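A.B. asks: structure for the following, please:
(2 chains, ligands or ions: 2)
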Amino acid sequence: MNIIVCVKQTVDLQQVRIRKETREPVLDNIPLTIGNIDKNALEEAVRIRDKVGGKVIAVSAGSEQLTDTIKEALAMGADEAILVISTEFEGADSGAAAAALAQAIKRVEDYGIILLGEGSADNYSGQVGPRLAEILDLPQVTYVSSLEVENGTIKAVRNLDDCFETVEVGVPAVVSVVSEINEPRIPSVTQILKAGKKPKQVFKPEDLGIEITRSITTLSNLAPDQDRKRILFQEGTDKDVASLVSALEAEGLVRR
Amino acid sequence: MAAILVFSERDDIAWQLLGKAAELGREMGLGVAAAALGSADPGGYANRGAQKVYISKNEQLKTFEASVYAEALSQVAKQADAAVILIGSTRRGKELAGRLAQKLGAGCISDAGSLEVKDGRLVCTRNALGGATVATQTITTELQVIAVSPGLGEPIESPETAEMVEVELALKPSAVKVIARSEKGQGAVDIEGAEVLVCVGKGFTRQEDLKMAEELAEVLGGLVACTKPLATDEKWLPEDRVIGLSGKSGKPNLAICLGISGQVQFTVGIRDAKTIVAVNQDPNAFIWQMADYGIVGDLYEVVPRLTAALKG
Ligand SMILES: Cc1cc2nc3c(=O)[nH]c(=O)nc-3n(C[C@H](O)[C@H](O)[C@H](O)COP(=O)(O)OP(=O)(O)OC[C@H]3O[C@@H](n4cnc5c(N)ncnc54)[C@H](O)[C@@H]3O)c2cc1C
Ligand SMILES: Nc1ncnc2c1ncn2[C@@H]1O[C@H](COP(=O)(O)O)[C@@H](O)[C@H]1O
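C.D. replies: Ligands and ions are numbered 1, 2, ... in the order given. Next up is the predicted model:
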């Protein structure tokens, strides 16, 4: 049984800066990486493989740079990668990603479990997993915080808004994970060096018979106004604390 | 008449959505319908703005399972001639929305934080880039599925009598079996409504030390909230105390951030605070960009001093 994990390439969000005058995000020249929660999905895939065997196949849809970004997933333990590459994925919605992933996954033989993150780092919509499950006509188990796969049965605990739910489902199924499921490993230097040599299949959308359509138009994407005073007291001495308290009192935020 | 169809697995959220749908329906010339599936109370919807309530007590709807509920709602949507489907953006609601949208070939926006009609089109906002920005978006497909953040609409009362429609649904049993369920039993703490929030992060090294934050909160008449890792990884506080992209948003007068690095996924939840104070020992922490006042220092020294100074 093979294990599929869907990972998305995004800009490193910690490095996104906001252009002061326009409130627009500056995304040029920011390194690309794989989403945090996608790494949890990948870690889980690797752990399952190490227990039940098979291969971990990382599947991703994104821009040209993906051939490079995907090395991170291969270094973390994925055995192979299938990439769907097109500039059109930039800003495309969940439906386009799900359609591409579904067609790529259909090329894999004997997959038992398809893992995803509960939400991508940038879009965090939680839509791709359920859409993928619908296209492939598979059951889905979302927001999983603990997972076991044994003899073709998936047993999972789901972390929902107001309860934990333990469920069982046979393979194949789509499973999305939350970040607390595991601690993703940091690859060693040898693993990073080996990653470039692992097998990769690269497709264009047309090779898979898909057309990237858009069902959402973004009218604007701006940072909200944040006009903070940014007054820093450099030492936590009694004097600094007193200055802070006076400042807060002057604003009527605290009373003595 | 084409309609806005409302569904949430939680009645309180469905009522909020009905209030919102009534407002949007007037502007867009659409009727308001609700889907009362499984154990939902149809009468509650009829009293809160639904003009039509589609009812099914089909055996398969006894417990919520997204693929079955998506199939049920897709059948109801056709009968109701739905142009817009509003769903409560809970975790269950989001997975339902995605699956339903795919089934119906519709565009879908989840976690919509606002929803209004502009030039006859529905316009939504949602957080993007992990919370660094807010995207304003419209759906271009004929049918629109929108998962709306809880708390957006206000429930209304409607004296008119709604039409109750019993529907026959063809549903297959779910492949997913629920073995057990345990309620989280979170306290009724209203982080979102608090005037003062003392937010704690990984700068705290032991659970016992949170007492310092509680004392500070008590002096200020506020509540303690936290970053995600403190709840999901350390389990020091319940998850309903998490502020941020996957947690809650507050609008306090004063938010004090203790030992928090200030990544966007957290700050998105406090950016509406009037004044933000931070204590962090790292002079280069991201949190300084969000702070009105800050003390660079060890929280273990600063917090007791601050509490003492406020006590006077
Ligand atoms: C999709 C997604 C959704 C997320 N949603 C959320 C969310 O809703 N809410 C959320 O909070 N996070 C969320 N996160 C996680 C988020 O990215 C950060 O990992 C998290 O907010 C960091 O928490 P922290 O600031 O407590 O910890 P850290 O980043 O580890 O920061 C700890 C800080 O404490 C300081 N410190 C340490 N010791 C001391 C001391 N003695 N005195 C003073 N300062 C000290 C350090 O300098 C550091 O700045 C999400 C992540 C993803 C990918
Ligand atoms: N373009 C993509 N390529 C591969 N996986 C993706 C892509 N977009 C989303 N995913 C997966 O779907 C999950 C949910 O994404 P989203 O629906 O955008 O929140 C992510 O955590 C990834 O595992």
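A.B. asks: shouldn't A:Gly236 be in contact with B:Pro304?
C.D. replies: No - the criterion here is C-beta atoms under 8 Å, and A:Gly236 misses it with B:Pro304 at 10.2 Å. (Glycine included, C-beta is placed from N, CA and C.)
A.B. asks: what ranges do the helices span in chain B?
C.D. replies: All helices of chain B, identified by DSSP state H, fall at B:11-28, B:42-46, B:66-79, B:91-104, B:210-220, B:228-232, B:264-267, B:299-311.
A.B. asks: where does chain B have low pLDDT?
C.D. replies: B:186-187 (pLDDT under 70).
A.B. asks: which bits of it sit near ligand 1?
C.D. replies: Contact residues, chain B versus ligand 1 (C-beta under 6 Å from any ligand atom): B:201-203, B:227-229, B:242-247, B:259-261, B:263, B:265-266, B:279-282, B:285, B:298-300.
A.B. asks: so which of the helices of chain B has the densest surroundings on average?
C.D. replies: Mean neighbour count (mean count of other C-beta atoms under 10 Å in any protein chain shown) peaks for helix B:91-104 among these, with a mean of 28.
A.B. asks: residue ranges in chain A under the pLDDT threshold?
C.D. replies: A:256.
A.B. asks: picking up where we left off before, near chain A, which of the residues of chain B next to ligand 1 show up?
C.D. replies: For chain A, the contacts drawn from the residues of chain B next to ligand 1 by C-beta under 8 Å from any C-beta of the partner chain are B:Lys228, B:Leu245, B:Ser246, B:Gln263, B:Gln265, B:Val279, B:Asp298.
A.B. asks: OK, contacts around the first one?
C.D. replies: Spelled out, that is B:Lys228. For B:Lys228, the contact set (C-beta atoms under 8 Å, 6 or more residues apart in numbering or on different chains) comprises A:Ser179, B:Val242, B:Gly244, B:Ser246, B:Gly247, B:Gln265, B:Phe266.
A.B. asks: looking at the residues you listed, which are in strands?
C.D. replies: Residues of the contacts of B:Lys228 located in strands (DSSP state E): none.
A.B. asks: need these in CSV (columns: distance to B:Gln144).
C.D. replies: Listed next are the contacts of B:Lys228 as CSV, based on distance: C-beta to C-beta, whole Å:
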residue, distance to B:Gln144
A:Ser179, 30
B:Val242, 30
B:Gly244, 27
B:Ser246, 24
B:Gly247, 27
B:Gln265, 27
B:Phe266, 31
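A.B. asks: which of those residues lies closest to A:Gly170?
C.D. replies: A:Gly170 has its nearest neighbour among those in A:Ser179, at 26.3 Å by C-beta to C-beta.
A.B. asks: look up how far ligand 2 lies from that closest one.
C.D. replies: Separation of A:Ser179 from ligand 2 (C-beta to the nearest ligand atom, to the nearest Å): 10 Å.
A.B. asks: pretty sure that residue contacts B:Ala231?
C.D. replies: No - with contacts counted by C-beta under 8 Å, A:Ser179 stays clear of B:Ala231, the gap being 11.2 Å.
A.B. asks: show me the contacts for residue 51.
C.D. replies: Using chain A here. Per C-beta under 8 Å, 6+ apart, neighbours of A:Lys51: A:Val149.
A.B. asks: you answered for a different chain; I wanted chain B.
C.D. replies: Contacts here follow C-beta under 8 Å, 6+ apart; on that basis B:Gln51 touches B:Ala3, B:Gly31, B:Val32, B:Ala33, B:Glu160, B:Ala162, B:Glu163.
A.B. asks: what do you get if the cut-off is 10 Å, keeping everything else the same?
C.D. replies: For B:Gln51, the contact set (C-beta atoms under 10 Å, 6 or more residues apart in numbering or on different chains) comprises B:1, B:3-4, B:18, B:21-22, B:25, B:31-34, B:158, B:160-163.
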